[in-house]
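A.B. asks: How does the following fold in three dimensions:
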Amino acid sequence: MKTILSAVAFAALALPAAAQMANPMVGGAEMPATNDIVTNAMNSADHTTLVAAVQAAGLVETLQGAGPFTVLAPTNEAFAALPAGTVEALLEPQNKDRLAQILTCHVIPAEAFSSDIVGMIQADGGTHAIQTVGGCTLQASARNGMVMLTDEQGRTATVTIADVDQSNGVIHVIDKVLLPAVSAQQ
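C.D. replies: The predicted structure follows:
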């Protein structure tokens, strides 16, 4: 019994030390877990396009809400890889609904750390369907130790930085913009 109590006491002492580990760096900025998703994204030099899009789509308050959310956060490079003029067109006020649809296809209405996602992939035999807030179905898989997400157009994004803990969820940085099915774009 004394051994069990000692182990419990040791584990309790270890928790504060683990909580004091350095916050991950994204886009040259520290990402404190005490900040919400939008606040941390605004500090990342790699996510200025995403932040501008979230603002243009009117999603700031939503993503600062209680959540929990899992945000698949495309980098500036991911947005730049879209066809020329796409980002500029999406940021125009008349395209607000389309922009919101695309952005919410990057939001999962739950907190899903990479270990959770990998567990679901394994439980489903190699691919797991994920429903997003925007109504998209993403296919999650794992390859070479990396989580991959395939959108409804067959485009595959890789999670390049996983498990950026937030006060209202978690961010996974991805290298492509995920898009809804072509028919949903009409």
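
A.B. asks: Where does the prediction get shaky in this protein?
C.D. replies: Residues of the chain meeting the criterion pLDDT under 70: 1-22, 183-186.

A.B. asks: List the buried residues in stretch 124-144.
C.D. replies: Buried residues in stretch 124-144, counting neighbours by 16 or more other Cβ atoms under 10 Å, are found at H128, I130, T132, V133, G134, C136, L138, Q139, A140, S141, A142. From N, CA and C alone the C-beta is placed, and that goes for glycine too.

A.B. asks: any idea where the helices of this protein begin and end?
C.D. replies: Assigned by DSSP state H, the chain shows helices spanning 2-19, 37-43, 48-56, 60-63, 76-80, 86-90, 96-104, 114-123.

A.B. asks: tell me what the third one is packed against?
C.D. replies: Helix 48-56 sits against helix 37-43, strand 69-74, helix 76-80, helix 86-90, helix 96-104, with contacts defined as 3 or more Cβ pairs under 8 Å, 6 or more residues apart in numbering; DSSP states H and E.

A.B. asks: and that helix with strand 69-74, angle?
C.D. replies: Helix 48-56 and strand 69-74 are oriented at 130 degrees to each other (axes from the mean of the first three to the mean of the last three Cα atoms, to 10 degrees).

A.B. asks: coming back round to it: let me know which of the helices and strands packed on helix 48-56 is tucked in deepest.
C.D. replies: Comparing the helices and strands packed on helix 48-56 by mean neighbour count (mean count of other Cβ atoms under 10 Å), strand 69-74 ranks first with a mean of 25.

A.B. asks: Pull the contacting residues for the residue nearest to A66 when sequence neighbours are not counted.
C.D. replies: Spatially, and ignoring its direct neighbours in sequence, A66 is nearest to N168 (5.9 Å; Cβ to Cβ, 6 or more residues apart in numbering). With contacts defined as Cβ atoms under 8 Å, 6 or more residues apart in numbering, N168 is in contact with D36, I37, L63, Q64, G65, A66, G67, P68, F69.

A.B. asks: This completes my enquiry, with thanks.
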